[in-house]
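*Asks:* Can you look at this prediction? I've put the sequence above it.
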Amino acid sequence: MTSPTEHTPPHAGLCATCQHARTVESAKGSLFLLCDAHRTHPELPKYPRLPVLACPAYTERETQT
């Protein structure tokens with residue numbers, strides 16, 4: 001697994017800046033965006049179709065300085 005900001009595609013929509021999103025790399029090297037909010041919001045997909053334009057669980061990621 002990678003950090004939330006590492007490899008997050010800019011075309012991911014809201015997921016690109018959401019604290020619940022993180023990238024997961026498959027054994028073959030493909031990258032997928034995982035939504036951790038699906039654990040508390042079962043109506044949300046675990047792997048959302050991108051770009052995400054609206055999401056009830058969106059929370060902007062805090063920038064690390």
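*Replies:* In hand now; what should we look at? Fair warning: this is a prediction, and the values are worked out from it, not measured in the lab.
*Asks:* which residues of the chain score low on pLDDT?
*Replies:* By pLDDT under 70, the low-scoring segments of the chain are 1-10, 64-65.
*Asks:* ok, 90 please
*Replies:* Residue ranges of the chain with pLDDT under 90: 1-12, 31, 62-65.
*Asks:* now the residue nearest the centre of it: how far from residue 57?
*Replies:* For the chain, residue 21 is the residue whose C-alpha lies nearest the centre (C-alpha atoms, centre = their mean; 2.4 Å). With the distance defined as C-beta to C-beta, to the nearest Å, residue 21 ends up 10 Å from residue 57. C-beta coordinates here come from the backbone N, C-alpha and C atoms, glycine included.
*Asks:* what does residue 12 give?
*Replies:* From residue 12 to residue 57 the distance is 15 Å (C-beta to C-beta).
*Asks:* Repeat that for residue 30.
*Replies:* Computed as C-beta to C-beta, the residue 30 to residue 57 distance reads 24 Å.
*Asks:* Between those two, tell me which one has more neighbours.
*Replies:* residue 57 (16 against 8; other C-beta atoms under 10 Å).
*Asks:* Now the nearest residue to that one once chain neighbours are set aside. Its backbone dihedrals?
*Replies:* Closest residue to residue 57 apart from its sequence neighbours, by C-beta to C-beta, 6 or more residues apart in numbering: residue 37 at 3.7 Å. For residue 37, the backbone dihedrals are phi -70, psi -20 (criterion: degrees, to the nearest 10).
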